[in-house]
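>>> the sequence and its predicted three-dimensional model are supplied below.
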Amino acid sequence: MLRLRSVGNSLPESFVVDPSAEFQPGQICELTSIGNQVMMTVSNGTAPFGIIDDIKTRAFTNVSWNETILVSAVGVPGPDGYLVSAFDVKAELRRPNILSTSFNSTVKVSLNPINGIITFLAGTRLNTDLTGSGVPSGIKAIVNYTYQVPNIPGDDSTIGSGRVTVWYQRMIALTSMFETNQQYPLRANLFVSERGLLTTRKPSAIHPAVGMVTAPPSPLQSMLEFLWY
C-alpha cells in the first residue's frame, strides 16, 4: 500500500514493466535490460530508481505492528533465580498466513506461520505481573509481522498497457511495504532490501540510502512515513 502525503507539483512516469516481476504499491523498483528492451522491475537495493504505484501480485499483504501478546503461565524457579514457565504456552496472533521471514518478537517464540499460533516454550522467563501480586505470573511479547490478506486474490493493474507507474521525485509518503523485522526510529536512514522493501538494514556497503524515516509505524498507524530523496 502506498499513500502520498506531499509530492509538490511532480507527476509520476510510466515505464515498460518486466513481465516476470510481482509487486505492490510502495515497493521500490529499478531499471533492467531484457534483450534490447529497457524495463522496470523490483529493485534488489543496489540501484533503486523510484516507488511503484501499481499492482502486479497473486496475493496482497499488510502489516501488523507492535501487536501485544499477553499469556498467563505457571512459574517455577529457573536456573538464574527468575521464574520461568513450567509448560509450553500457546497464543493466537490477530492474523494468520504470516510471512515467516518478516516475523519479529521481543520474546523468543516458536511460530506456526500458517495459522498464526505462537508458542512460548517451557523455560521462557516470566516478565509481567497479570494479577497485581507483585510476582511475575505471565509473559508479555511485542510482535511485528507481514501477513497475506485472506480471501482477496491478487490483481494486475499493468494488464493491457504493459507499463508501470513510478514516482521518483522527492516526496513524503506512507507505505506498508517495509521490513517488519527491523526498527524504524525517527530520522533513521532507509535502504532497499533484496525484495524491494524499505528497511533500516543496510544489506551491503554498496546499497545507497534512499530516504529517511519521518514517522515510525505504530499500533494505530502501521504504515511507515518516509522522505524519499
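Alright, I've got the coordinates.
>>> you'd agree residue 210 is up against residue 193?
No - taking Cβ atoms under 8 Å as the definition, residue 210 is not a contact partner of residue 193, at 11.1 Å. For glycine as for every other residue, the C-beta is placed from the backbone atoms N, C-alpha and C.
>>> the closest residue in space to residue 58 that isn't next to it in sequence: how many residues sit nearby?
The shortest distance from residue 58 to any non-neighbouring residue, by Cβ to Cβ, 6 or more residues apart in numbering, is to residue 154 (4.0 Å). Burial of residue 154 is recorded as 14 neighbouring residues (other Cβ atoms under 10 Å).
>>> domain assignment for this structure?
What automatic domain parsing lists as the domains of the chain is 2-55+157-228, 63-149.
>>> chain center to the shortest one, what's the gap?
With Cα atoms, centre = their mean, to the nearest Å as the basis, domain 63-149 stands 19 Å off its chain's centre.
>>> now the domains of the chain in a markdown table, with mean neighbour count and mean pLDDT?
Below are the domains of the chain laid out as a markdown table (neighbours: other Cβ atoms under 10 Å; pLDDT from 0 to 100):
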| stretch | mean neighbour count | mean pLDDT |
| --- | --- | --- |
| domain 2-55+157-228 | 18 | 95 |
| domain 63-149 | 16 | 95 |
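>>> what's near enough to touch residue 70?
If you count contacts by Cβ atoms under 8 Å, 6 or more residues apart in numbering, residue 70 has them with 128, 130, 138-140.
>>> likewise for residue 15?
By Cβ under 8 Å, 6+ apart, the neighbours of residue 15 are 31, 39-40, 163-164, 166.
>>> among those residues, which pair sits farthest apart?
31 and 163 (13.6 Å; Cβ to Cβ).
>>> show me the contacts for the residue nearest to residue 58.
Residue 154 makes contact with 55, 57-60, according to Cβ under 8 Å, 6+ apart.
>>> kindly state the beta-bridge partners for residue 156.
residue 56 (DSSP bridges).
>>> surely it meets residue 24?
No - between residue 156 and residue 24 there is no contact under Cβ under 8 Å: 11.1 Å.
>>> joint contacts of those two?
55, 57.
>>> gap between residue 195 and residue 27?
8 Å (Cβ to Cβ, to the nearest Å).
>>> shared neighbours of these two, anything?
With Cβ under 8 Å, 6+ apart, residue 195 and residue 27 have common neighbours residue 42.
>>> picking up where we left off before, state the next helix or strand along the chain beyond the helix or strand containing the residue nearest to residue 58.
Taking DSSP states H and E as the criterion, the element that holds residue 154 is strand 138-156. Sequence-wise, the next helix or strand downstream of strand 138-156 (DSSP H and E) is strand 163-167.
>>> pairing partners for that following strand, with directions?
strand 13-16 (antiparallel), strand 50-52 (antiparallel).
>>> now those as JSON lines including distance to residue 85?
Output for the strands paired with strand 163-167, formatted as JSON lines (distance: least, Cβ to Cβ, whole Å):
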{"stretch": "strand 13-16", "distance to residue 85": "53"}
{"stretch": "strand 50-52", "distance to residue 85": "44"}
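>>> out of those strands, which gets nearest to residue 146?
Nearest to residue 146, of those and by Cβ to Cβ, is strand 50-52 at 16.6 Å.
>>> distance from the closest one to the middle of the chain?
On Cα atoms, centre = their mean, the centre of strand 50-52 falls 17 Å from that of its chain.
>>> could you do stretch 212-228 as well?
With Cα atoms, centre = their mean, you get 11 Å for stretch 212-228.
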